[in-house]
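In: Below is the structure, and that's it, no one-letter string:
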């Protein structure tokens, strides 16, 4: 069937034998769909002329796997500076994660060593996700996902790493130093709190803003005289007082606090309550090390005791300092979700009954006995230090 085309010159219809009603190439049809497509294509070319071509970002030939092999095989100083960890420690930590089966790695494409290295790089350099992505040649989403995965894996590894101290044996640091032996022969460790910088939600920042300028969490910890943590209690706002966190840790079974054995005790500072098994310094006397001069002329046995107490308890301060120096993320926190950092330990807690309160008469009896014993010993030491006689 012939198709009809309208002729503008004569006003008459013209028949066309071309199929589908198309005109010959030498005839112009203002209603043709082909001309509309050409104009649309021309407009698209004009609009996209100045748009640059997209270039791949993670195209460094030095892949993440090659970088890990370089750190593990080359100068040990490199891995210490980048990951804040020695090669044997890194290898053993990776083995412990596999041996303890704290995370299922069967369906994960990246190796465990790569994921652990990305986590340590962010913590050791206080790095952002973009910087870690450029270093390890992975997308920001991959870096963030493996950071959270490894953080939870290490959180599940905590019960196998942070162990209570051996309370049956007096530590060699006390036995070998005449300043502490035999006055502190029953001491098993030191307890104190530290503030860790966090990014709190905008509507909940006030409870996390205490003495510090930044929003923080108040973390209580105990350590041995080997500078090894034996207990860590996280999750409290920066405005919470140390004594409140301390009493909560003692009276809550879910905290798994390693209570001292009978006649053993921890050293605590003046911010904590003096209780059975937890010896605080004398109040109203000099205590901090910077308050004592080099001549060490003491004004009584209580001041001498406070000096020895502060010097021995300072191990927890040095442990906190080393930890924050090695992992600056604890001092300069990038904008990571706070809940992701403190849910690993809380997720493994089980509901248990509260610990029964210590008998008040027993606490008073222990304190009187301990103070009398230490006062008599410190009087003798005080006389020797000041070259006096009774």
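Out: Good, I have the coordinates. On a predicted model such as this, the values are computed, not experimentally measured, just so you know.
In: lowest-confidence helix or strand of this protein?
Out: helix 344-347 (a mean of 42; mean pLDDT, DSSP states H and E).
In: Regarding the protein, what is its longest strand?
Out: If you go by DSSP state E, the chain has its longest strand at strand 187-197.
In: Okay, now the unreliable bits of the stretch 201-350 of the chain?
Out: Scanning the stretch 201-350 of the chain for pLDDT under 70 picks out the ranges 212, 254-255, 289-291, 293-296, 334-350.
In: Let me know the average pLDDT across the helix or strand hosting residue 160.
Out: In the assignment (DSSP states H and E), residue 160 maps to helix 140-161. Mean pLDDT, computed over helix 140-161, is 89.
In: Could you list the buried residues of it?
Out: 142-144, 146-157 (16 or more other Cβ atoms under 10 Å). (C-beta placed from N, C-alpha, C; glycine too.)
In: just checking, what packs against it?
Out: helix 87-99, helix 112-125, helix 129-136, helix 338-341, helix 344-347 (3 or more Cβ pairs under 8 Å, 6 or more residues apart in numbering; DSSP states H and E).
In: could you redo the last one with a cut-off of 6 Å?
Out: Helices and strands touching helix 140-161, by 3 or more Cβ pairs under 6 Å, 6 or more residues apart in numbering; DSSP states H and E, are helix 112-125, helix 129-136, helix 344-347.
In: so what's residue 187 up against?
Out: residue 267 (Cβ atoms under 6 Å, 6 or more residues apart in numbering).
In: swap the cut-off to 8 Å and go again
Out: Applying Cβ atoms under 8 Å, 6 or more residues apart in numbering to residue 187 gives the contacts 171, 174, 180, 264, 265, 266, 267, 279, 312.
In: JSON lines for those residues, including distance to residue 131, secondary structure and neighbour count?
Out: Formatted as JSON lines, these follow (distance: Cβ to Cβ, whole Å; DSSP: H, G, I helix; E, B strand; the rest coil; neighbours: other Cβ atoms under 10 Å):
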{"residue": "171", "distance to residue 131": "41", "secondary structure": "coil", "neighbour count": "20"}
{"residue": "174", "distance to residue 131": "44", "secondary structure": "helix", "neighbour count": "19"}
{"residue": "180", "distance to residue 131": "45", "secondary structure": "coil", "neighbour count": "20"}
{"residue": "264", "distance to residue 131": "47", "secondary structure": "coil", "neighbour count": "17"}
{"residue": "265", "distance to residue 131": "46", "secondary structure": "strand", "neighbour count": "20"}
{"residue": "266", "distance to residue 131": "40", "secondary structure": "strand", "neighbour count": "26"}
{"residue": "267", "distance to residue 131": "41", "secondary structure": "strand", "neighbour count": "24"}
{"residue": "279", "distance to residue 131": "46", "secondary structure": "strand", "neighbour count": "23"}
{"residue": "312", "distance to residue 131": "41", "secondary structure": "helix", "neighbour count": "21"}
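In: Now render those residues as CSV, adding distance to residue 241.
Out: Below are the contacts of residue 187 laid out as CSV (distance: Cβ to Cβ, whole Å):
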residue, distance to residue 241
171, 29
174, 30
180, 29
264, 26
265, 22
266, 18
267, 19
279, 19
312, 24
